[in-house]
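Asker: need a 3D model of the sequence below.
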Amino acid sequence: MWGDLRRDFVIVFGLIMIILFYLIIPMVCPGFPKPALSDVHLVSDYSVGSLRHFTMASTVTNEGTDGNVLVRTKLINASYQEVREMTEKTIYMHQGDRIDVRTTISGPADNPYDIVVEAQRR
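Answerer: Sure, this is the predicted structure:
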């Protein structure tokens, strides 16, 4: 008799825990976005004084659940392969969202540069 009661209690307790986790985790968890970059291109490249300014446009698509996505643009010195400047922009994306993001980054005008745009879950 006590064995059956204990087994029934464990089953009911387990079902209650599953239902609670099913309801609580989505409310508490920040989400698991899966950002994907597409259509990354240079919009403008101009110099003012000794600085050169680059404006990049990229399209970020969220292939995961709702959450924060970090879009990072790096200005890399092509001669030394070192990061010269970096900008970061955090955006909140819903599942299936497609957002156009523009970032501007600057560096000394006399250096050759590579520009890298990355998107990752925050």
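Asker: only C-alpha atoms from now on, for both contacts and neighbour counts.
Answerer: Will do.
Asker: pLDDT on whichever strand in the chain runs longest, on average?
Answerer: Ranked by residue count under DSSP state E, the longest strand found in the chain is strand 35-48. For strand 35-48, the mean per-residue pLDDT is 93.
Asker: just stretch 62-77 next, same as before
Answerer: In this model, stretch 62-77 carries a mean pLDDT of 92.
Asker: and that stretch, how far out from the chain's middle?
Answerer: Between the centre of stretch 62-77 and the centre of its chain there are 3 Å (Cα atoms, centre = their mean, to the nearest Å).
Asker: shift numbering so it begins at 389
Answerer: Got it, first residue is 389 now, which makes that one stretch 450-465.
Asker: on that earlier part again, partners of the longest strand of the chain in the sheet?
Answerer: Partners of strand 423-436 in the sheet, by DSSP bridges, are strand 439-450 (antiparallel).
Asker: the residue positioned nearest the centre of the chain - nearest residue in space that isn't next to it in sequence?
Answerer: Nearest to the mean C-alpha position of the chain, counting by Cα atoms, centre = their mean, stands V457 at 2.5 Å. Of all residues not flanking V457 in the chain, R509 sits nearest, at 4.7 Å (Cα to Cα, 6 or more residues apart in numbering).
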